[in-house]
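Trainee: Please work out how this folds:
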Amino acid sequence: MVRRLRARCASAEGDHALAEALLSEILEVAPASTDDEGQAATLLELGLVAERQGRLFDARDRYEKALRLDEVLAKT
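Mentor: Just a heads-up that it's a prediction; the model follows:
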């Protein structure tokens, strides 16, 4: 949670590299904890960071992964 907040702040300040690094760290831990909701939220944030950088294909990929996880969560 704290890392995600730090990443949001970094992104808002234009430090997209730091934001992406922090969010990527979260994703490394999320699968181990089977936190699908947290993983989906992190992928959404990574999509936003990529979109802000103009990396639209990366953004779309991350949004789609977040959406797939959200659909799985909705079924449970």
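Trainee: Low-confidence ranges, the chain, go.
Mentor: Applying pLDDT under 70 to the chain flags residues 30-34.
Trainee: Quick check: buried residues in the longest helix seen in the chain?
Mentor: Ranked by number of residues, the top helix in the chain under DSSP state H is helix 56-75. Of the residues in helix 56-75, those with enough neighbours to count as buried (16 or more other CB atoms under 10 Å) are 58-59, 62-63, 65-66, 69. For every residue, glycine as well, the C-beta is placed using N, CA and C.
Trainee: Which one of these is nearest to D35?
Mentor: Nearest to D35, judged by CB to CB, of those is L69 at 10.2 Å.
Trainee: Now for R60: which residues touch it?
Mentor: For R60, the contacting residues are G47, taking CB atoms under 8 Å, 6 or more residues apart in numbering as the criterion.
Trainee: switch to numbering from 386
Mentor: In the new numbering, first residue 386, that becomes R445.
Trainee: From E398, how far out is it?
Mentor: Counting by CB to CB, to the nearest Å, the separation of R445 from E398 is 24 Å.
Trainee: for D455, same thing?
Mentor: The span separating D455 from E398 equals 28 Å under the rule CB to CB.
Trainee: Show me how far stretch 392-399 is from its chain's centre.
Mentor: Going by CA atoms, centre = their mean, to the nearest Å, the spacing between the C-alpha centre of stretch 392-399 and its chain's C-alpha centre is 13 Å.
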